[in-house]
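Visitor: one predicted model, sequence on top.
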Amino acid sequence: MVKVDEHTADEWDGGVRAGSSIGAFGPVERRLIDVLSDVVERLTATRSGGFDAAVCDVLASVARAVDADRAFLFRFDHEHERFDATHEWTRDGVEGYVIRTRGIRFEDRPWWVVPLLEGRHHVFERERDLPDERARGVWRDHALRTILAVPTRAGGTVIGSLGIHHQRAAADWAPSLISLVQVIADVIGGARDRDDLAQRSLAESRWRKGLTDMVAWGLEQRLEHTLYPGLLERVVDLAPEADAGSILLRGPDGRFRFVATHRYEFEPLKQVVFDVDELAHPHDMRTTTQLLHPFGRNERLGVERRDALNAHGGGDRITATLVLPLLTGDLPLGFLYLDRLERDRPFSRDTVAMAEVAATQASLVIQRLTLEAAVRMRKDELERIASVDALTGLPNRAAFFDALRTTLGRAARHETAVALLYLDLDGFKDVNDSLGHDVGDQVLRELAGRLRGAVRSSDAVARLGGDEFTVIIGDLDDASEAGHVAAKLLGAVDEPFMVGPAVVRLTSSIGIALYPSDADGADDLLRHADAAMYRAKVGGRDGYRFFTAEIDVAARDRLQLTTDLHSALEGGALDVVFQPRVALASGSWVGVEALARWRHPERGAIRSDVFVPLAEETGLIDALGRFVAREACGAFASWSGHRVLGAARLSLNVSMRELLYGDLAGRIEGLMATHGLRPDQLEIEVTEAAMVRDIDANLGRLDAVHALGVSIALDGFGTASSSLGRWKRVPLDVVKLDRSVVAGVDGHGDADAAADVAIVRAIVAIGAKAGFTVVAEGIERASQADVLRDLGCTEGQGYVFARPMPAEALRTAADAVPRSPAVRHPDPDADRSA
């Protein structure tokens, strides 16, 4: 039964007191909620190497919030089924003893470990609640009054526990309080998992560097007695859990002798000789063997040699030994022994794997005199391995810094500029959390290839770790080049990733720093690029930022143009013009396409192929599309009684962003309601590039528009990447032929008329069967119109008929054209399987 204490919040002065209880929504909960907020912020912001300090602060905050005397963390080693204390906080004057807990086997504390592994917590309120005398002794020795322990988890796996002790007064742990502590424990678990990943990545990079250093050192030595101690020392350093070691080589007589020892007396051991069958491991001498207490259990050795090994070779202290063959091809030339001393725990799988690689390289070094060329080739390969990220095949962090320093040195000598781009994926953690790390790894591997494909062969792409990548651009002519590359990289990330049945969509944020204007050293340049990347994230993600405003005229001009476009949209400085679409047989108008035009007050007319892509990149395209649609629909509604325009159809272009991220059907429906337009008066045009970005989702969006009765047109068909096959399910009413196909149908200039005619004829035939109208864009000559009409193309658009014009000019021009025929509605039951 949880009781509500009668003390006020001001009287608590800290935490849980004797005779008090912790009720729901009480002051302790509120303090823990405040702590939880701080914990999330602190541990989320913690960078690699800062976890320990952050966790100590967290333990202190949690303990103080509940007026506890001790808080501590255990880490579970699932491979060896043991646990260790890693962190402990105690109140002033309270002894810290938990931190001394090391190597406790799960089987020795099942009452403690099993419930935690099952995701349950412990609350002990009396000494007799504890199941064994050792634990009860600890309770008495430290005057414990209450113990709480909850599991710490990461990715659904219990990786340890968070414990809280009360000594001065007992605590009544209400479920609400335990739940809050559990949330904090899981935040700690997630942070520990991230820190472990970062530390493993750093350790792996250092290990690979150490491996390369070992081989490089060995290849500089001569094959003499000084080689082996140096090799052995380096191999022991490369195996994290090894304390000592030795090397035995086969002599001319086929027997094995010590040639090096580490942390043992070598001179007495030089006289100890082994036959093959006396070695304490199986006769398959080509594989790694792990032995526990090897010398004490090797009854095949004589007393003299066993005494020598115990006295001088640590035989009485060795608890585990790795026996690694040193091979020449398939033949063992010797064995490398790595030993654990006085630690009752086997070598981990990771250490075994590292040691096997290290032993292999030691074998190669020993062969250097007879296999000089092969060893040098292997060295090159090792250097490559040491500099390559194992997951993506890109240069790793160490190789990146080498390349950056080399590039900066060359730039300093030749007085050229360098750009460093720092790319970080937006929300990549969600991919790992929702789809699993295997899917995340496949995404990173594919992304690495995309990034390489988006830059020049002379530019260097690297993976720093996690979801962070860098690109080094040397010989930079001006800063705008870096912006162009960043835009290409953003596009490479934007394309969906197909991983089995999963479709993964990501964006990225990129920071750009320039040498020498932003920094003259590798570390500062990376730091500045990182800072710029952070500003890109804060600014909305899916974009890039320069670290400095000191960029060339082109980049400043682009920035100014973006600002001017924003102002033009806000100030109504853009115009909407209309280009008629005609029936090729009669010349009558069947529709008009609404287009945006921008006449800059200082620069004059800005081409649409300049400002429309700019609007796409900067996120202004949505506002631009809304402006054009609003103005065009308003003008079109005013022509409802006109004999030509009243019977025509208004065509509106829809951008990729509008299609992907907006409620397109809702917007169209709103336009019709606002301006009193019928569905058969409207048509939307989408490009193939916009559709394929997310074709399954876009199909649903277009179906919703088509259900309103509004026509769907595929714009710009006929490019190299076009394929009608992918449009079988799309509710198309119109296919607009790209001007690149239309241009050569009349054989004008050097055009391949036969090929273009064949393309048009095929598309017209498919349109007749599938029930969509084929419209030719970009018709500039009457001869083109004649050929297209003869091929069965019914409608066309281009300068030969009319240029885009303002609304008033369009109405005047429409007065002079024949009356439009009734708008054709495609048969909804037509066969779309073609």
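Guide: Here it is on my side, so go on. Residues are numbered from 1 along each chain as shown.
Visitor: so for stretch 214-232, mean pLDDT?
Guide: The average pLDDT within stretch 214-232 is 84.
Visitor: same check on stretch 757-770?
Guide: Stretch 757-770 comes out at a mean pLDDT of 89.
Visitor: likewise stretch 540-559?
Guide: For stretch 540-559, the per-residue pLDDT averages 66.
Visitor: cool, stretch 589-605 as well?
Guide: Here the average pLDDT along stretch 589-605 is 93.
Visitor: same check, this time on stretch 776-788
Guide: 93.
Visitor: list of residues touching that stretch?
Guide: With C-beta atoms under 8 Å, 6 or more residues apart in numbering as the test, stretch 776-788 has contacts from 584, 716, 736-739, 742-743, 745-746, 748, 757, 760, 793, 795-801. (Each C-beta comes from the backbone N, C-alpha and C, glycine too.)
Visitor: now, the residues you listed that are in helices?
Guide: Counting by DSSP state H, those place 739, 742, 757, 760 in helices.
Visitor: where exactly do the helices run in the stretch 601-750 of the chain?
Guide: Counting by DSSP state H, counting those that start in this stretch, the stretch 601-750 of the chain has helices at residues 608-618, 621-638, 656-661, 664-675, 688-692, 695-707, 739-742.
Visitor: worst average pLDDT in the ones you listed?
Guide: Looking at the helices of the stretch 601-750 of the chain, the bottom one is helix 688-692 with a mean of 71.
Visitor: can you give me the buried ones in the host helix or strand of residue 769?
Guide: Using DSSP states H and E, residue 769 falls within helix 753-770. For helix 753-770, the neighbour count (16 or more other C-beta atoms under 10 Å) marks 756, 757, 759, 760, 763, 764, 766, 767, 770 as buried.
Visitor: what's the spacing between that helix and its chain's center?
Guide: 44 Å (C-alpha atoms, centre = their mean, to the nearest Å).
Visitor: for it, packing partners?
Guide: strand 734-737, helix 739-742, strand 773-776 (3 or more C-beta pairs under 8 Å, 6 or more residues apart in numbering; DSSP states H and E).
Visitor: can you show me the CA trace of it as PDB?
Guide: Output in PDB follows, covering the C-alpha atoms of helix 753-770 (Å, rounded to 0.1, in the frame of the first residue of the first chain):
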ATOM      1  CA  ALA A 753      13.500  11.800 -88.600                       C
ATOM      2  CA  ALA A 754      12.900   8.100 -89.000                       C
ATOM      3  CA  ALA A 755      13.700   7.300 -85.400                       C
ATOM      4  CA  ASP A 756      11.500  10.200 -84.100                       C
ATOM      5  CA  VAL A 757       8.600   9.300 -86.400                       C
ATOM      6  CA  ALA A 758       8.800   5.700 -85.200                       C
ATOM      7  CA  ILE A 759       8.700   6.800 -81.500                       C
ATOM      8  CA  VAL A 760       5.700   9.100 -82.100                       C
ATOM      9  CA  ARG A 761       3.800   6.400 -84.100                       C
ATOM     10  CA  ALA A 762       4.300   3.900 -81.400                       C
ATOM     11  CA  ILE A 763       3.200   6.200 -78.600                       C
ATOM     12  CA  VAL A 764       0.100   7.300 -80.600                       C
ATOM     13  CA  ALA A 765      -0.800   3.600 -81.200                       C
ATOM     14  CA  ILE A 766      -0.500   2.900 -77.500                       C
ATOM     15  CA  GLY A 767      -2.500   5.900 -76.700                       C
ATOM     16  CA  ALA A 768      -5.300   4.800 -79.000                       C
ATOM     17  CA  LYS A 769      -5.500   1.400 -77.200                       C
ATOM     18  CA  ALA A 770      -5.000   2.700 -73.700                       C
END
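Visitor: is it true that residue 677 touches residue 638?
Guide: No: taking contacts as C-beta atoms under 8 Å, residue 677 lies outside contact range of residue 638: 11.1 Å.
Visitor: who has more neighbours, the two?
Guide: Using other C-beta atoms under 10 Å as the criterion, residue 677 and residue 638 rank with residue 677 on top: 19 against 13.
Visitor: report pLDDT for the more buried one.
Guide: Taking residue 677 on its own, its pLDDT is 95.
Visitor: residues contacting it?
Guide: 633, 636, 637, 650, 671.
Visitor: isn't residue 583 up against residue 794?
Guide: Yes: Residue 583 is within contact range of residue 794, at 6.5 Å (criterion: C-beta under 8 Å).
Visitor: for the spatially closest residue to residue 542 that is not a sequence neighbour, list the residues it contacts.
Guide: Ranked by C-beta to C-beta, 6 or more residues apart in numbering and with sequence neighbours excluded, the top spatial neighbour of residue 542 is residue 507, at 3.7 Å. Residue 507 makes contact with 425, 426, 427, 490, 493, 494, 541, 542 under the criterion C-beta under 8 Å, 6+ apart.
Visitor: beta-bridge partners for residue 507, please?
Guide: residue 426 (DSSP bridges).
Visitor: gap between it and residue 588?
Guide: 46 Å (C-beta to C-beta, to the nearest Å).
Visitor: which of the helices of the stretch 601-750 of the chain sits closest to residue 818?
Guide: helix 621-638 (19.6 Å; C-beta to C-beta).
Visitor: okay, now residue 95: neighbour count?
Guide: 11.
Visitor: likewise for residue 641?
Guide: For residue 641, using other C-beta under 10 Å, the count is 7.
Visitor: cool, and residue 775?
Guide: 29.
Visitor: make 44 the starting number, not 1.
Guide: Sure, I'll start numbering at 44, so the last one becomes residue 818.
Visitor: check contacts around it.
Guide: 624, 756, 777, 778, 779, 780, 836, 837, 838, 839, 840 are the contacts of residue 818 under C-beta under 8 Å, 6+ apart.
Visitor: average pLDDT for stretch 366-385?
Guide: pLDDT averaged over stretch 366-385 gives 82.
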